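> I would like the atomic coordinates for the input below:
(one chain, ligands or ions: 1)
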Amino acid sequence: MFSTLHTNDAPSSVTRIIDLGLEPFLLTATLEAIIAQRLVRRICVACRTEYEPTDEELFELELTRSDVVERTFFYGKGCKECNGTGYRGRIGLFEFMVMTDRLRELIMTSASTAALRKAAQEDGMRTLRESGLLHIFDGITTIEEVVRETIAVG
Ligand SMILES: [Zn+2]
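As a prediction, this is how the structure comes out:
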């Protein structure tokens with residue numbers, strides 16, 4: 001069975017479901033995985049342009065100059081193809097949290113969203129923000145889009 005909830009990220013879905021009254025043991029017995037998704041606008045390929053982000057923009061992503069030495073950043077200048085917006089179409093960012101024994105134990109002990117997120121990341125979960133960064137570095141979307149649609153989570 002698939003179900004949809006509106007939350008910030010995958011780990012907060014767990015705490016949300018339990019807040020709604022589901023017994024933790026029922027959740028851990030039945031839940032296989034959670035996928036969080038955010039849609040961001042794609043940079044228009046007709047007017048995509050390389051540029052140097054400001055320190056402020058990098059700061060918004062919680063990155064410093066030295067984190068992005070080898071990286072290239074892009075934005076859309078605006079053209080006829082994109083009605084001057086610099087964007088055309090959308091793409092999904094995903095966060096895929098697979099239930100592990102460790103996560104099940106944390107859920108059974110009513111662990112916080114932060115604790116669930118930390119454990120999930122240690123078990124290999126790529127966060128929405130990290131997915132966004134990869135799309136920025138691939139020239140698919142902008143810093144602005146990722147900052148607006150995702151939260152920084154360590
Ligand atoms: Zn364009």
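> which residues touch stretch 5-13?
The contact list for stretch 5-13 (C-beta atoms under 8 Å, 6 or more residues apart in numbering) reads 16-17, 34-36, 95-97, 113-114, 116-117, 120, 125, 127-128, 151, 153. All C-beta atoms are positioned from the backbone trio N, CA, C, and that covers glycine.
> Neighbour count says what about the residues you listed? Which are buried?
Buried by 16 or more other C-beta atoms under 10 Å: 17, 34, 36, 95, 97, 113, 116-117, 120, 125, 127-128, 153, out of the contacts of stretch 5-13.
> host element of residue 107?
Applying DSSP states H and E as the criterion places residue 107 in helix 101-108.
> Could you list the buried residues of that helix?
Across helix 101-108, burial judged by 16+ other C-beta under 10 Å covers 103, 106, 107.
> got it, and stretch 124-133?
Buried residues in stretch 124-133, counted by 16+ other C-beta under 10 Å: 125, 126, 127, 128, 129, 130, 131, 132, 133.
> swap in stretch 43-61?
Of the residues in stretch 43-61, 43, 44, 47, 48, 53, 57, 58, 60, 61 count as buried by neighbour count, 16+ other C-beta under 10 Å.
> would you list the residues you listed in JSON lines and tack on secondary structure?
Below are these laid out as JSON lines (DSSP: H, G, I helix; E, B strand; the rest coil):
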{"residue": "43", "secondary structure": "strand"}
{"residue": "44", "secondary structure": "coil"}
{"residue": "47", "secondary structure": "coil"}
{"residue": "48", "secondary structure": "strand"}
{"residue": "53", "secondary structure": "coil"}
{"residue": "57", "secondary structure": "helix"}
{"residue": "58", "secondary structure": "helix"}
{"residue": "60", "secondary structure": "helix"}
{"residue": "61", "secondary structure": "coil"}
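> any idea which of those is closest to residue 73?
Set against residue 73, the nearest of these by C-beta to C-beta is residue 53 (5.0 Å).
> Close to the ion: what parts of the protein are there?
Within the chain, the positions near the ion by C-beta under 5 Å from the ion are 44, 46, 47, 79, 81, 82.
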